[in-house]
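In: have a look at this prediction, sequence included:
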There are 2 protein chains.
Amino acid sequence: MTTINDIARLANVSRSTVSRHLNKNGYVSQEAQERIDKVIEETGYFPSQSAKSLRTKKTGVVGVILPKISTETASRVVDGINQVLQENDYQMLLTQTLLEKEKEIAFIRLLQSRNVDGIILLGTNTDEALVEEIKKSDVPVVVLGQDMPGTTSIHYPDYKATAEMISYMIEKGYRDISFIGVPEDDPAVGIVRKKAYIDTLKEHNLPVLTERITYGDFSIDSGYHAMETIMKQSKKPDAVFVVTDNMAVGAMQYLKENHYNIPADIGMATTGVSRLSKYIEPVLTTIDFQNEKAGIAITRLLMRQLNGYKKTKKLTHTYRRLTGNSL
Amino acid sequence: MTTINDIARLANVSRSTVSRHLNKNGYVSQEAQERIDKVIEETGYFPSQSAKSLRTKKTGVVGVILPKISTETASRVVDGINQVLQENDYQMLLTQTLLEKEKEIAFIRLLQSRNVDGIILLGTNTDEALVEEIKKSDVPVVVLGQDMPGTTSIHYPDYKATAEMISYMIEKGYRDISFIGVPEDDPAVGIVRKKAYIDTLKEHNLPVLTERITYGDFSIDSGYHAMETIMKQSKKPDAVFVVTDNMAVGAMQYLKENHYNIPADIGMATTGVSRLSKYIEPVLTTIDFQNEKAGIAITRLLMRQLNGYKKTKKLTHTYRRLTGNSL
DNA sequence: CTGAAAGCGCTTACAG
DNA sequence: CTGAAAGCGCTTACAG
């Protein structure tokens, strides 16, 4: 491997001078510059980031922790993150938890040991242990998707968007709306969205039936089974709200396989918008949380922190409702 | 930040001993081990990878270069890559070219400067300049999706799978099959698949009409426009083969918007299988290249190289045909 | 079983 | 405008 010493020797200067030239700080004579450039060109030299990082305490790498990359939601967020990172000459170290909570904590430590400059966590819970780990972190951690105590975070407007959607369903005439949620480990999705559902029913003086509230685990399969559980009840609901797109795919699969017509037999609304959704009949009425924009926004917040703004900041992301023909 | 010196001091040993204990090489007395563990526990110490890497010349990081993460194909490959990487305690540094060729070369250099142990490139071309850059690389580079000269690579069975699909369409009775391809910059997709299409038509004594051969740029939009171009010809074809799933989405959109019935008005076949495809009518007859498995396979090859097997190796990946009702 | 020493490839005051 | 020196946090022979 070619090192700065080789360059210095070949260009007849000290390595201080090479370094100064490379980093464009301090004076280097025109002549020296040219000799150095020539040698670099010939040797194909590039500086070792490991050495540089050890000295400067900066790596130019940001760690990203997410549940699973091969979901549309996550990959869109990553697209957004990547945009801002490229603009700022950062690279991305990507880790997947596959929804194992311990891994979030393990990766925060791992990423620090890899000397990343900052960490972006796509949050799935706000457990005490995780909050502690973030607090202990030497590098800034920002969180997308949960309102993480004491941490700069952006969360989705879970309550407002859900409540609005449920209201809309009620306006449309639905009176017996079932619910496919997730466990309360995930506050944003598991608690807040469910609360919005329950509150809105109550506001409209509709009964809240425990048997109408089912749970999945974010997987397609679990949406399928939750839908099955609901539809096997003696009295069937007239609509269903599913809290995530992935589970909605499963729920829809169950309904199609069993020849239920949407919306004639049962209305359906959900969250998230698929690239392919316009080819699926019916087009789902859904909440679009605009994940790519969210990825951009959270990364900008991290960049700010890396540039010295230390105050933690809480933002709520935007959303829009997309009206299909599933209601 | 806590360093190995702090640990050594607090545990009353030298930093050599701490290092030996941490890396489990060389002897360390039981007592010393316990003291060290205790101090590490208390301080939350973790070793700096930058320093370690500088010394050992290993980072435990693999660089991945791909066109765009938020496509189903790429994200599935990444899932596969990630699996093998996790098993082997490697981390993934992810870069996106957004199909700008210069970036492939730029990232190969960038990743090296970041001292990655190896590079996985999802190939989009086999340009001379790229081949040169790979040859110059200090670290092993493996390529998925192209038969890259002089480099360990796995490519998809582009010729065989395409020829088989075209034959199948002909068997089904189609006689005027149009083609949506990509430019020849991409040998695997742009040249080989087109050649398989042309050869197969010829073998069956069917005319090869230049106006039936159109090109997109991998985007959904370009598939839409290619389909439009084809369907605006005075004589319409009875089928279309689209070389990538993304462009097939666009082609289908055009056909649906213009009320063509698939397969009654025009048959359609493509490559790649979407998670949502089972909800789209018609179900596309397609070639499944099993991207996750391909990701696993290419990463295993890289791991072999990192363990010292230096011979370059060429593999052709498997595939299967999925029969829908679009033909 | 343990520690002192050298060195990995850089950057950064500092002195000239 | 330039170079010598120190030091970032580790690991690894080597001597004891």
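Out: Yes, it's here.

In: low-confidence stretches in the stretch 201-327 of chain A?
Out: The stretch 201-327 of chain A contains no residues with pLDDT under 70.

In: around chain B, pick out the residues from it.
Out: Residues of the stretch 201-327 of chain A lying near chain B by Cβ under 8 Å from any Cβ of the partner chain: A:220, A:249, A:252-253, A:256, A:274-281. Every C-beta, even on glycine, is put in place using the N, C-alpha and C of the backbone.

In: and the helices in chain A?
Out: For chain A, the helices defined by DSSP state H cover A:4-11, A:15-23, A:30-43, A:49-56, A:72-87, A:101-113, A:128-136, A:158-171, A:193-203, A:220-231, A:245-257, A:291-306.

In: still on that earlier bit, contacts with DNA strand C among the residues of the stretch 201-327 of chain A next to chain B, please.
Out: By Cβ under 7 Å from any atom of the strand, no member of these lies near DNA strand C.

In: thought residue A:155 was touching residue A:161?
Out: No - Residue A:155 lies out of contact with residue A:161 (Cβ atoms under 8 Å); the separation is 11.2 Å.

In: from residue B:131, how far off is the nearest residue to residue A:1 once chain neighbours are set aside?
Out: Closest residue in space to residue A:1, ignoring its immediate chain neighbours: residue B:138 at 6.0 Å, by Cβ to Cβ, 6 or more residues apart in numbering or on different chains. According to Cβ to Cβ, to the nearest Å, residue B:138 and residue B:131 sit 16 Å apart.

In: who's more crowded, the two?
Out: residue B:131 (16 against 13; other Cβ atoms under 10 Å in any protein chain shown).

In: burial of the closest residue to the more buried one other than its chain neighbours, as a residue count?
Out: Sequence neighbours aside, residue B:149 is the residue nearest to residue B:131 in space, at 5.4 Å (criterion: Cβ to Cβ, 6+ apart). By the measure other Cβ under 10 Å, the count of residues near residue B:149 is 14.

In: how about residue A:16?
Out: Residue A:16 has 12 nearby residues by other Cβ under 10 Å.

In: one step back: how close does the residue nearest to residue A:1 sit to residue B:127?
Out: Where residue B:127 is concerned, residue B:138 sits at a distance of 21 Å (Cβ to Cβ).

In: what residue spans form the domains of chain A?
Out: Following automatic domain parsing, chain A resolves into domains at A:4-47, A:59-156+A:291-318, A:158-288.

In: with distance to DNA strand D added, can I get these in CSV?
Out: What follows is the domains of chain A, written out as CSV (distance: least, Cβ to the nearest atom of the strand, whole Å):
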stretch, distance to DNA strand D
domain A:4-47, 3
domain A:59-156+A:291-318, 8
domain A:158-288, 34
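
In: relative to residue B:42, which of those domains is closest?
Out: domain A:59-156+A:291-318 (12.5 Å; Cβ to Cβ).

In: residues touching residue A:26, list them.
Out: residue A:20 (Cβ atoms under 8 Å, 6 or more residues apart in numbering or on different chains).

In: again, only this time at 10 Å
Out: A:16-17, A:19-20 (Cβ atoms under 10 Å, 6 or more residues apart in numbering or on different chains).

In: report pLDDT for it.
Out: On the pLDDT scale, residue A:26 is placed at 80.

In: ok, now how distant is it from residue A:145?
Out: Remark: distance between residue A:26 and residue A:145 (Cβ to Cβ) = 44 Å.

In: do the same with residue A:126
Out: Residue A:126 is 10 Å from residue A:145, by Cβ to Cβ.

In: which residues do those two both contact?
Out: Common neighbours of residue A:126 and residue A:145 (Cβ under 10 Å, 6+ apart) are A:153, A:186-188.

In: filter these down to the ones in strands?
Out: Mapping the shared contacts of residue A:126 and residue A:145 onto strands (DSSP state E) picks out residue A:153.

In: what is the neighbour count of the closest residue to residue A:43 other than its chain neighbours?
Out: Nearest residue to residue A:43, sequence neighbours excluded (Cβ to Cβ, 6+ apart): residue A:2, at 4.7 Å. A count of neighbours around residue A:2, defined by other Cβ under 10 Å, yields 17.

In: over to residue A:111?
Out: Neighbours of residue A:111 under the rule other Cβ under 10 Å: 27.

In: per-residue confidence at the closest residue to residue A:49 other than its chain neighbours?
Out: Closest residue to residue A:49 apart from its sequence neighbours, by Cβ to Cβ, 6+ apart: residue B:114 at 4.7 Å. You'll see residue B:114 listed with a pLDDT of 93.

In: contact partners for residue B:114?
Out: A:46, A:48-50, A:52-53, A:59-61, A:91, A:93, B:53, B:59, B:61, B:63, B:93, B:107.

In: list phi and psi for the residue nearest to residue B:131.
Out: phi -60, psi 130 (degrees, to the nearest 10).

In: pretty sure it is touching residue B:123, no?
Out: No - assessed by Cβ atoms under 10 Å, residue B:149 is found out of contact with residue B:123, at 11.3 Å.

In: any common contacting residues for these two?
Out: B:130, B:134, B:143.

In: nearest residue to the last one in space, please, no chain neighbours.
Out: Closest residue to residue B:143 apart from its sequence neighbours, by Cβ to Cβ, 6+ apart: residue B:153 at 3.9 Å.

In: what residues are bridge-paired with that neighbour?
Out: Note on residue B:153: beta-bridge partners by DSSP bridges are residue B:143, residue B:314.

In: any idea how far residue A:25 lies from residue A:40?
Out: In terms of Cβ to Cβ, residue A:25 sits 17 Å off from residue A:40.

In: which one's more surrounded, those two?
Out: Using other Cβ under 10 Å as the criterion, residue A:25 and residue A:40 rank with residue A:40 on top: 19 against 9.

In: give me the number of residues near residue A:229?
Out: 16.

In: now do the contacts for it.
Out: Counted by Cβ under 10 Å, 6+ apart, residue A:229 has contacts A:178, A:180, A:211, A:214-216, A:254.

In: equivalent analysis for residue A:319, please.
Out: Residue A:319 neighbours (Cβ under 10 Å, 6+ apart): A:156-158, A:160-161, A:164-165, A:271, A:286-290, A:294.

In: and if we set it to 6 Å?
Out: A:157, A:161, A:287, A:289 (Cβ atoms under 6 Å, 6 or more residues apart in numbering or on different chains).

In: likewise residue A:299?
Out: A:81, A:84.

In: gap between it and residue B:231?
Out: On the measure of Cβ to Cβ, residue A:299 and residue B:231 end up 42 Å apart.

In: fine by me, we can end here.
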